[in-house]
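Colleague: sequence and predicted structure, then a few things I'm wondering about:
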Amino acid sequence: MASAAQASSVQELSASAFQKYLGGMDYPAGKSDLISHARSKNAPDAVIQVLEMFQDKTFHSAADVSQEFGRVK
């Protein structure tokens, strides 16, 4: 079984593993900013896939991102 940090699918991805790849993110941030930041931290494909499902809007905090994660997951 994959560990949280090595989630191989969107279904296996936990909120804490997801947020790990957005640590140090400067807010406010747009969807493309989140994707760029996650890629710079070598996020797995599952993290990028979830971010690509996000609405194209401005996120003002990690809490905003968590809320959107819950919506798309």
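Modeller: Noted; the coordinates are in hand. Numbers count the residues shown, from 1 in each chain.
Colleague: show me where this protein has strands.
Modeller: Ranges of strands in the chain, per DSSP state E, are 29-30, 58-59.
Colleague: including mean pLDDT, distance to residue 46 and mean neighbour count, could those strands go into CSV?
Modeller: In short, each C-beta sits where N, CA and C put it, glycine included. Shown next, in CSV, are those (pLDDT from 0 to 100; distance: least, C-beta to C-beta, whole Å; neighbours: other C-beta atoms under 10 Å):
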stretch, mean pLDDT, distance to residue 46, mean neighbour count
strand 29-30, 98, 20, 16
strand 58-59, 98, 19, 17
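Colleague: export these as CSV, with columns for distance to residue 15.
Modeller: Formatted as CSV, these follow (distance: least, C-beta to C-beta, whole Å):
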stretch, distance to residue 15
strand 29-30, 17
strand 58-59, 15
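Colleague: isn't residue 48 right up against residue 39?
Modeller: Yes: if you go by C-beta atoms under 8 Å, residue 48 and residue 39 touch, sitting 6.8 Å apart.
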